[in-house]
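Asks: Let's see this in three dimensions:
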Amino acid sequence: MRLAKVVGQVVATVRSDRLGMDKLTLVRFIDQDGTPEESVSVAVDKLGAGEGEWVLVVGGSSARMSVDGSGQVPVDLSIVGIVDEVTSDAGTLFKKNQSQ
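Replies: Numbers count the residues shown, from 1 in each chain. Next up, the predicted model:
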């Protein structure tokens, strides 16, 4: 799993039948401090994460299994959690509902 931040959405009404009509989001991977990577990726979102939220993202076979359990869905990334808080020995690094 990796931390990412939702930075947008993708609308694609014409798509593979196996993909279904789950929400597609644009995510940018981040480190524990919220420092973003440069590139963005598309992830399937069955949880309804909103723009600006920190999320947990899985890839590969874990992403395919998280969508429908069959592992036959053509996805590379899937959001599997919406982060409420990130802490470490340095203290609280992120807390939902606090402005970033």
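
Asks: CA only for contacts and neighbour counts going forward, please
Replies: Noted.

Asks: what does stretch 27-34 contact?
Replies: 2-8, 36-43, 86, 93-94 (Cα atoms under 8 Å, 6 or more residues apart in numbering).

Asks: Drop anything exposed from the residues you listed.
Replies: Neighbour counting over the contacts of stretch 27-34 (16 or more other Cα atoms under 10 Å) leaves 3, 4, 5, 6, 7, 36, 40, 42, 43, 94 as the buried ones.

Asks: For the second one, name its beta-bridge partners.
Replies: According to DSSP bridges, the residues that bridge with residue 4 are residue 29, residue 55.

Asks: That one and residue 56 touch, don't they?
Replies: Yes - judged on Cα atoms under 8 Å, residue 4 makes contact with residue 56 at a distance of 6.4 Å.

Asks: follow-up on the earlier one: spatially, which two of the buried ones among the contacts of stretch 27-34 are the most separated?
Replies: The distance between the two most remote of the buried ones among the contacts of stretch 27-34 (Cα to Cα) is 22.9 Å, for 42 and 94.

Asks: wait, residue 52 sits on residue 9?
Replies: No - using Cα under 8 Å, residue 52 is not in contact with residue 9, being 11.2 Å away.

Asks: what's the weakest-modelled helix or strand in this structure?
Replies: helix 60-68 (a mean of 82; mean pLDDT, DSSP states H and E).

Asks: Any figure for the gap between residue 68 and residue 61?
Replies: Distance of residue 68 to residue 61, given as Cα to Cα, to the nearest Å: 12 Å.

Asks: which residue is nearest the middle of this protein?
Replies: With distances taken as Cα atoms, centre = their mean, the residue of the chain nearest its centroid is residue 79 (3.6 Å).

Asks: so where do the strands sit in this protein?
Replies: Taking DSSP state E as the criterion, the chain carries its strands at 2-10, 23-29, 41-45, 54-59, 77-82, 85-88, 91-95.

Asks: Save those strands as a markdown table, and put in mean pLDDT too.
Replies: Listed next are the strands of the chain as a markdown table, based on pLDDT from 0 to 100:
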| stretch | mean pLDDT |
| --- | --- |
| strand 2-10 | 96 |
| strand 23-29 | 96 |
| strand 41-45 | 95 |
| strand 54-59 | 95 |
| strand 77-82 | 96 |
| strand 85-88 | 90 |
| strand 91-95 | 88 |
